[in-house]
Each structure stands twice: as structure tokens, then as C-alpha cells.
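> just coords:
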Ligand SMILES: [Zn+2]
């Protein structure tokens with residue numbers, strides 16, 4: 001006999017399927033903060049929360065909560081994840097942590113009243129698919145939303161976030177009311193979105209650290225010339241130089257090996273004409289490593305590489321840092337609880353860094369936080385092909401439920 005808490009597989013399967021049908025198109029999931037699909041998801045979750053015997057609540061920015069009140073006044077242990085998706089996303093990213101947390105609390109109701117209050121949350125925005133407002137729900141809970149954000153931020157159609165909030169029945173002037181000071185711990189169940197667990201056949205990933213992302217814009221200035229009249233040996237082609245930089249900086253990171261990653265995903269070429277030698281190129285660099293010292297060493301090497309290529313090609317290069325995040329270290333005590341809970345559930349586990357960013361990285365700056373991953377089949381995510389087996393979903397939710405039981409009773 002162990003103290004494992006088993007989540008109802010049927011119930012969780014129904015949650016995953018029904019939430020996954022909200023905002024789903026033949027081209028994948030489209031559920032963006034405050035849009036019609038998002039509102040349907042919110043209303044559905046509120047109904048499920050009430051059906052599970054939990055207290056439903058929506059806060060000032062649209063985070064949805066289900067509460068299982070405890071007998072003590074020791075604050076709240078929170079679990080959950082985000083309910084918004086990327087464009088053409090999958091059914092599991094974010095959603096599994098929400099419905100897994102809900103199914104966990106539903107299972108825990110049978111254990112009577114906890115000493116510590118438990119809540120599950122569907123965070124309203126993580127991906128910034130509609131507004132440039134990364135982690136909006138988590139930031140609102142931590143008091144980190146600027147008072148001008150709802151009026152300032154616009155979606156692609158020009159709708160302000162304030163207008164969208166009013167459309168969803170929320171008052172943009174009230175965002176400050178979402179702030180919480182009673183959180184004692186946060187646990188987030190999430191799909192891995194990579195293939196480490198699936199390839200190894202390991203059930204549960206205990207996330208030790210979420211890497212700090214560095215984003216840079218590399219600008220390469222060459223000389224714009226006629227494509228027909230300028231001999232190859234007299235050119236300062238900004239694109240050829242930039243392409244060489246991208247190749248060589250990628251080699252730097254490949255030589256470092258896992259888990260270092262670098263991506264040059266966005267390019268602009270000016271003037272962008274078939275008959276003109278490109279005079280200016282900008283490309284983005286996204287570089288991640290869980291160890292800040294290693295990440296910064298790699299960035300130094302990348303910068304030296306770009307300068308060297310620029311010299312060889314007779315162009316100028318400059319690099320601007322757009323984003324510079326510290327790695328978020330997960331709470332060691334909570335990871336111990338998750339490890340013990342995985343073992344109680346008969347699940348195999350390993351410690352690992354997260355590849356992707358998550359709400360947990362921000363939550364961890366204020367509240368003891370830990371994450372657990374379940375396998376993504378073939379490592380696919382941010383695509384309609386995203387899939388986690390029902391067995392892995394229920395195993396992850398049961399480990400979460402067991403950990404919440406250990407923390408709250
Ligand atoms: Zn996510």
C-alpha cells in the first residue's frame with residue numbers, strides 16, 4: 001500500500017477531449033486570450049469545476065480557479081497551467097496541466113478537508129499568441145502587469161486588450177485586483193514538448209531548471225548594388241555574410257552539444273529584390289542553456305564568430321540584446337515531494353531541464369515552484385500532431401494529485 005492518489009482516467013480523458021475540441025480547426029488549435037473559443041473554454045471549465053464540487057471563480061484578468069478550501073489559514077497551494085494556445089497548436093500544451101490539476105483536485109475531494117487550501121488555475125495567457133503579453137495571467141497574479149498594458153497592447157486586427165477584456169465581460173481598470181499574496185507553492189504539470197522522456201521510456205520528468213532565454217537581433221550592413229553589373233569579387237553582400245554567420249554560430253552551439261540550442265528563425269532582407277545585391281539583413285538569434293555561465297560563454301563565442309565573418313566579408317555587424325532572462329530554478333523541497341509521489345505511483349522518473357519557457361519560470365521568482373513533465377509522443381509540440389497517451393496523462397495527473405495530497409494534508 002502506498003499513499004498514491006489515483007486520478008479518474010475516464011474523467012481526465014473526457015476533459016482532454018472536450019477542451020481539445022474548443023477552438024480546434026482542421027489546421028490545429030486556435031484559442032487566443034479573450035476570443036470566442038477562449039470564452040467557451042472558460043465557461044466549460046467553470047462548469048466542470050462546479051460539477052467536481054470545487055468553488056469556481058474568475059479573477060480580474062480571466063484566470064479561472066477551482067478551490068478546495070482547507071481547514072487552516074496557511075495560504076494556498078496552487079496547481080495548473082495555461083488555457084491559451086499557439087496558432088495551429090495542439091490539444092495538450094497548457095491544457096493538460098489545467099485539466100490534470102482539475103482531475104487531481106476532483107480525486108482529492110474524496111480525502112475530506114485538507115489542512116491547506118488547494119486551488120487549480122487555468123491561466124489566461126502564456127503564449128502571447130494574440131497580444132504581446134507573455135505570461136499575462138501569471139504576471140497579473142504577481143502584480144507585474146503595467147497599468148497601461150490593456151490600453152496599449154493591440155492584436156493584429158488593431159483591437160486593444162482593454163476592448164477584448166470588455167468583450168469577455170472583464171473590467172480592464174481592475175487588473176490590479178488579480179494580485180495574490182496567499183500563494184505558498186505552485187506545481188505545474190506539462191507535456192515535455194521534446195523527446196527525451198519518450199526516447200528513454202521514462203514516465204515523469206522532474207524539471208530542475210527552466211533556462212533563461214537570450215534573444216538578440218543581428219544586423220548586417222553590406223553594400224546595395226546592381227545584381228547584373230557588380231562582379232562577385234567586388235560585392236559586400238549582406239545576405240551572404242549573414243548566412244555564413246548563421247551557419248558558423250550554429251556550429252558553435254552544435255559543438256557545445258545538448259542541451260544548448262540556438263535558432264535563427266526570423267530574417268529580413270533589404271531591399272528584398274531579385275535584381276539587387278542585399279544591402280542590409282537582420283536576423284534573430286534565440287540561444288538557450290540552463291546554466292547561465294555556459295549560455296553567456298556561448299553568446300561571447302557567437303559574437304566573436306559574427307565579427308570574424310563580417311571582417312572576411314567586408315560588411316559591418318552589430319548585435320542588440322532584446323531579451324535576457326535569468327534561468328528559473330525549481331524548488332528542491334517540492335521536487336523531492338514530486339519524486340516521492342512518482343515512486344508511490346510506480347512511475348519511473350528523471351531530473352531534467354525544461355527546453356521551453358513556462359509560467360512556472362515567472363512564478364518561481366516569488367513562490368516555491370516545481371514542474372513535472374509527461375512524455376510527448378515523438379517530441380512533437382506546437383503542432384496539431386502534439387500527442388500524449390491517455391496512460392501518460394493519467395499517470396502525470398496521479399503523481400500531481402499524490403504530491404498535492406502530501407503537501408496539503
Ligand atoms: Zn505551455
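Arrived safely. Everything numeric in this text was worked out from a predicted model, so none of it was measured.
> Other residues contacting the helix or strand harbouring residue 138?
Per DSSP states H and E, residue 138 falls inside helix 136-141. Contacts of helix 136-141 with the rest of the structure, by C-beta atoms under 8 Å, 6 or more residues apart in numbering, involve 33, 59-63, 82, 121, 123-126, 128, 133, 145, 149, 175, 178-180, 183, 359, 362-363. In short, each C-beta sits where N, CA and C put it, glycine included.
> how about it, does it get close to the ion?
No - between helix 136-141 and the ion, judged by C-beta under 5 Å from the ion, nothing touches; the nearest distance is 11.6 Å.
> after that helix comes which helix or strand?
helix 149-152.
> one step back: so what's the model's average confidence on the helix holding residue 138?
The average pLDDT within helix 136-141 is 98.
> separation between the residue minimising distance to the centre of the chain and the ion?
In the chain, the residue lying closest to the centroid (C-alpha atoms, centre = their mean) is residue 358, at 3.3 Å. In this view, residue 358 and the ion are 6 Å apart by C-beta to the ion, to the nearest Å.
> mean confidence for stretch 229-247?
Stretch 229-247 comes out at a mean pLDDT of 98.
> same deal with stretch 49-61?
Mean pLDDT, stretch 49-61: 98.
> what sits up against that stretch?
For stretch 49-61, using C-beta under 8 Å, 6+ apart, the contacting residues are 42, 46, 64-69, 102, 105-106, 109, 120, 124, 136-137, 140-141, 145, 165, 170-171, 174-178.
> next one: stretch 348-357
Contacts of stretch 348-357 (C-beta under 8 Å, 6+ apart): 192-194, 196-197, 200-211, 213, 259, 261, 288, 290, 325, 335, 339, 342-343, 371, 373, 381.
> List the strands paired with the strand or helix carrying residue 320, with their directions.
Assessed by DSSP H and E, residue 320 sits inside strand 316-324. Taking DSSP bridges as the criterion, strand 316-324 forms sheet pairs with strand 212-221 (antiparallel).
> mind listing what's buried in the strand it pairs with?
212-216, 218-221 (16 or more other C-beta atoms under 10 Å).
> now those residues as JSON lines including pLDDT and distance to the ion?
Below are the buried residues of strand 212-221 laid out as JSON lines (pLDDT from 0 to 100; distance: C-beta to the ion, whole Å):
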{"residue": "212", "pLDDT": "85", "distance to the ion": "17"}
{"residue": "213", "pLDDT": "90", "distance to the ion": "14"}
{"residue": "214", "pLDDT": "95", "distance to the ion": "20"}
{"residue": "215", "pLDDT": "95", "distance to the ion": "18"}
{"residue": "216", "pLDDT": "97", "distance to the ion": "24"}
{"residue": "218", "pLDDT": "98", "distance to the ion": "28"}
{"residue": "219", "pLDDT": "98", "distance to the ion": "31"}
{"residue": "220", "pLDDT": "98", "distance to the ion": "33"}
{"residue": "221", "pLDDT": "98", "distance to the ion": "37"}
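> what are the ranges of the helices in the stretch 51-200 of the chain?
Applying DSSP state H, counting those that start in this stretch to the stretch 51-200 of the chain gives helices spanning 95-108, 136-141, 149-152, 161-167, 196-200.
> Can you flag which of the contacts of helix 136-141 belong to strands?
Mapping the contacts of helix 136-141 onto strands (DSSP state E) picks out 82, 121, 123, 183.
> Counting neighbours, which of these comes out on top?
Scoring these on neighbours with other C-beta atoms under 10 Å, the highest-scoring entry is residue 121 at 32 neighbours.
> Next, residue 208: secondary structure please.
Here residue 208 is strand, with the state taken from DSSP: H, G, I helix; E, B strand; the rest coil.
> how near is it to residue 336?
Residue 208 is 12 Å from residue 336, where distance means C-beta to C-beta, to the nearest Å.
> ditto for residue 188
From residue 188 across to residue 336, the span is 17 Å (C-beta to C-beta).
> quick one: which of the two has more around it?
residue 188 (30 against 14).
> Just list the residues touching that one, thanks.
By C-beta under 8 Å, 6+ apart, the contact list for residue 188 reads 79-81, 97, 358-360, 363, 369-372.
> Residue 172 is in contact with residue 150, isn't it?
Yes - checked against C-beta atoms under 8 Å, the pair residue 172 and residue 150 is within contact range at 3.8 Å.
> With neighbour numbers in mind, choose between these two.
A count of neighbours by other C-beta under 10 Å puts residue 150 above the other of residue 172 and residue 150, at 25 against 18.
> Am I right that the more buried one is in contact with residue 170?
No - taking contacts as C-beta under 8 Å, residue 150 lies outside contact range of residue 170: 9.1 Å.
> okay, and the common contacts of residue 172 and residue 150?
Joint contacts of residue 172 and residue 150 (C-beta under 8 Å, 6+ apart) are 161-162, 165.
> any idea which of these is closest to the ion?
residue 161 (20.3 Å; C-beta to the ion).
> What distance do you get for the closest one to residue 401?
Distance from residue 161 to residue 401, counting by C-beta to C-beta: 35 Å.
> Around the ion, pick out the residues from the protein.
Of all the residues in the chain, those lying near the ion are 93-94, going by C-beta under 5 Å from the ion.
> if you set the cut-off to 6 Å instead, what comes out?
82, 93-94, 126, 190, 358 (C-beta under 6 Å from the ion).
> where along the stretch 201-350 of the chain do the helices fall?
238-256, 292-313, 332-344.
> Turn these into CSV, columns for distance to residue 25.
Shown next, in CSV, are these (distance: least, C-beta to C-beta, whole Å):
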stretch, distance to residue 25
helix 238-256, 33
helix 292-313, 37
helix 332-344, 35
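> Tell me which of those approaches residue 228 most closely.
Smallest distance to residue 228 across these (C-beta to C-beta): 16.7 Å, for helix 238-256.
> and the angle for that closest one with strand 212-221?
Helix 238-256 runs at 150 degrees relative to strand 212-221, counting by axes from the mean of the first three to the mean of the last three C-alpha atoms, to 10 degrees.
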